[in-house]
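**Q** I would like the atomic coordinates for the input below:
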Amino acid sequence: MKNCIFCKIASGEVPSDIIYEDDKVVAFNDLNPQSPVHFLVIPKEHISSIKDINEENISIISHIFLVIKKIAHEKLLDEKGYRIVNNCGEFGGQSVDHLHFHVLGGREMLWPPG
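**A** You can find the predicted model right below:
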């Protein structure tokens with residue numbers, strides 16, 4: 001997608017604080033962190049949202065979760081836990097039309113937030 005900010009980050013066109021990259025995904029620190037640790041993991045391929053997951057691209061979800069596990073372990077989040085968030089569509093709070101997962105940790109995640 002020509003105007004997708006996450007596609008531009010994935011391609012290196014827009015600089016970001018990248019913490020992990022392989023041939024399928026990019027992970028980077030959030031510009032507006034909501035916890036002491038807050039990073040995003042996105043596929044390099046443009047997939048708009050979970051709604052667009054199908055038989056051909058489903059493997060990216062398992063890969064993303066393996067990458068999240070690896071980074072969380074490196075950031076010492078797995079001892080006390082962390083939160084993984086995916087927003088889907090306008091009413092789900094999705095602000096960028098590119099599949100992405102927020103990973104938040106480093107503090108207790110209360111629900112509802114407060």
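**Q** wait, what's in contact with the nearest residue to Val85 once chain neighbours are set aside?
**A** Leaving aside its chain neighbours, Val85 sits nearest to His102 (4.3 Å; criterion: C-beta to C-beta, 6 or more residues apart in numbering). The way it works is simple: take the backbone N, C-alpha and C, and place the C-beta from them, glycine included. When contacts are counted by C-beta atoms under 8 Å, 6 or more residues apart in numbering, His102 is found next to 30, 34, 38-40, 83-86.
**Q** Shouldn't His102 be within a strand?
**A** Yes: counting by DSSP: H, G, I helix; E, B strand; the rest coil, His102 falls inside a strand.
**Q** any idea how far it is from Lys2?
**A** Between His102 and Lys2 the distance is 24 Å, computed by C-beta to C-beta, to the nearest Å.
**Q** before we move on, the earlier item: sort out for me which of the contacts of His102 are in strands.
**A** 38-40, 83-85 (DSSP state E).
**Q** I'd like to know which of those are buried.
**A** The neighbour-count test (16 or more other C-beta atoms under 10 Å) marks 38-40 as buried among the ones in strands among the contacts of His102.
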